[in-house]
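J.: what shape does this take:
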Amino acid sequence: EVMYTLELGIITAGFLFMSLLVLGTLVFGRFFCSWACHIMVLQELCAWVLRKLGIRRKPIRSRLLLLVPLGTAFYMFIWPQILRAWQAKAFPEFHFRTDSEGWASFVTSNFWRNLPSAPIIVLTFLVCGFLMVYLLGSRTFCTYVCPYGAIFALADRFSPGRLRANEKCRQCGTCTSTCTSGIRVHEELKEHGAVINSACLKCMDCVSACPQDALHYRFTAPPVLKTLRGAGRFGGLPYDFSLREEALMAVVFLAVALSFRGLYSRIPFLLSLALGAIVAVLTVTTLRLRYQPTVLLSSIVLRRNSRLTRIGKAYAAFAAMLMLFVCHCAFVRYHEYFGLRQALSLDKAGAAEADSSLAERALTHLHTADQWGLMANERVQRSLVDVSLRLKRLDTAEAYARKLIHDHPDDGVSRLKLGQILIDQGRHAQAA
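T.: Predicted structure coming up:
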């Protein structure tokens, strides 16, 4: 909804809510993530379940993935404005809308408008919850994916609300061992007199865990740029990946995120980023099986004394299948993207010859995506009907229109198009 406001000028409840949260973070610090975010609740629940099951987790430390939230926030909220300025387009006037105008600002009967289908919601919970928490560590969606977290982290630098310690503090490290955000709390308290790390979510776990009751939330001078000059996000602890491995992870992350984003018109953007982070880490883990004597995947031993364990062999087979699956998804997404893009560009084409050539290319891409896809893509099939009609290929248009009606019996638009196709073929009784 923030993007609808920034790109279309529609004032939405989400935009106003986000604005209030940023203003609140400037005063009180980064509190929303730990006290109100549903994804944080999901991750905490999954971490609790894994802990109850006795499943140990090892959080990872990556330079590259720390840049993802900031880059994502830039791409979602700032880059469109740069493009607008580059194309000399005026910023749209702020205005309100209702359901009848396509997107209501405040009151709507379309409660599902911002949400994917139920299977994708379940997949999101599994990937951003159990899978990320187990493979990457607690709160890693917030650390390595969430663009809103990046905005709150920037605002937190200017916030006077901080965790401070009094003279009772004995530097026992209990606060650090309790912090599931991976902050070296006792070290920051000793060096700066307060927790200045912008990854601090003000969850107060360290406050309740302190055996001396030495930690308290207080207002003090904001750190601003002090956090940039400190020991870094992980308090000087070494990263888990070499620079070469991080470079490989960057390539894999981008490839996977682009391959899954919008795949089958189902996978949402942030889920594709989470999948990109997970597959990037798994790729490096798989390559380590060739040259490291001991390889761990979280708490699972894949290779010991330069020999694969049974689980390691099963993992290697799984990694090979995963690679094939990702390549297949990339192939389908490539044809989906260009087919849909070219279909949308048909109305802008100039001469009839260019229009026909563009339609032929679009039809080829769309047909390939539909033929090789593991599930039906409604947007692709609708575009196939439209492009086939433009090229006067009535048999193809009829086949895809009937497929749409079979999958969506109440689809009036497809029934109308099928009727028009049958009229063009002289089959008036069937058209009626």
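
J.: OK, contacts around the residue nearest to Glu360 when sequence neighbours are not counted?
T.: Closest residue to Glu360 apart from its sequence neighbours, by Cβ to Cβ, 6 or more residues apart in numbering: Leu391 at 7.0 Å. C-beta here means a position set from N, CA and C on the backbone, and glycine is covered the same way. Taking Cβ atoms under 8 Å, 6 or more residues apart in numbering, we find Leu391 in contact with 356, 359-360, 363.

J.: which among those residues end up buried?
T.: 359, 363 (16 or more other Cβ atoms under 10 Å).

J.: would you list the contacts of Leu391 in TSV and tack on distance to Leu297 and pLDDT?
T.: Listed next are these as TSV, based on distance: Cβ to Cβ, whole Å; pLDDT from 0 to 100:
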residue	distance to Leu297	pLDDT
Ser356	53	84
Ala359	48	91
Glu360	47	92
Leu363	44	95
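
J.: which ones among the contacts of Leu391 map onto helices?
T.: In helices, defined here by DSSP state H, the members of the contacts of Leu391 are 356, 359-360, 363.

J.: quick one: which of those residues is nearest Arg261?
T.: Each of these was checked against Arg261 using Cβ to Cβ; the closest is Leu363, at 23.4 Å.

J.: not counting sequence-adjacent ones, nearest residue to that closest one?
T.: In space, Leu363 is closest to Val387, 4.9 Å off (Cβ to Cβ, 6+ apart).

J.: roughly how far does the residue nearest to Glu360 sit from Val413?
T.: 20 Å (Cβ to Cβ, to the nearest Å).

J.: ok, now Ala104?
T.: Shown here: Ala104 relative to Val413, a distance of 22 Å by Cβ to Cβ.

J.: among these two, which residue is more densely surrounded?
T.: Taking neighbours as other Cβ atoms under 10 Å, Ala104 and Val413 compare with Ala104 leading, 18 against 13.

J.: how about the more buried one, phi and psi?
T.: phi -70, psi 140 (degrees, to the nearest 10).

J.: quick one: contacts for it?
T.: Counting by Cβ under 8 Å, 6+ apart, Ala104 has contacts 97-98, 110.

J.: separation between it and Ser242?
T.: Separation of Ala104 from Ser242 (Cβ to Cβ): 50 Å.

J.: any chance you could map the helices in the stretch 201-350 of the chain?
T.: Here the stretch 201-350 of the chain has its helices, by DSSP state H, counting those that start in this stretch, at 205-209, 243-260, 269-291, 310-345.

J.: out of those, deepest packed?
T.: Among the helices of the stretch 201-350 of the chain, helix 269-291 has the highest mean neighbour count (mean count of other Cβ atoms under 10 Å), at a mean of 21.

J.: alpha carbons of stretch 202-217, as CSV, please.
T.: Extracted as CSV, the C-alpha positions of stretch 202-217 are listed here (Å, rounded to 0.1, in the frame of the first residue of the first chain):
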residue,chain,number,x,y,z
LYS,A,202,13.6,-3.3,21.8
CYS,A,203,12.1,-6.7,22.7
MET,A,204,13.4,-6.4,26.3
ASP,A,205,14.4,-10.0,26.5
CYS,A,206,17.8,-8.9,27.8
VAL,A,207,16.2,-6.7,30.4
SER,A,208,14.1,-9.5,31.8
ALA,A,209,17.0,-11.9,31.7
CYS,A,210,19.6,-9.7,33.5
PRO,A,211,20.4,-11.4,36.9
GLN,A,212,21.4,-8.0,38.4
ASP,A,213,18.4,-6.1,37.1
ALA,A,214,20.9,-3.7,35.6
LEU,A,215,19.3,-3.1,32.2
HIS,A,216,16.7,-0.4,31.6
TYR,A,217,15.1,1.5,28.7
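
J.: quick one: low-confidence residue ranges for this protein.
T.: For the chain, residues meeting the criterion pLDDT under 70 lie at 227-231, 347-354.

J.: Phe152: how many residues sit nearby?
T.: Neighbour count for Phe152, taken as other Cβ under 10 Å: 27.
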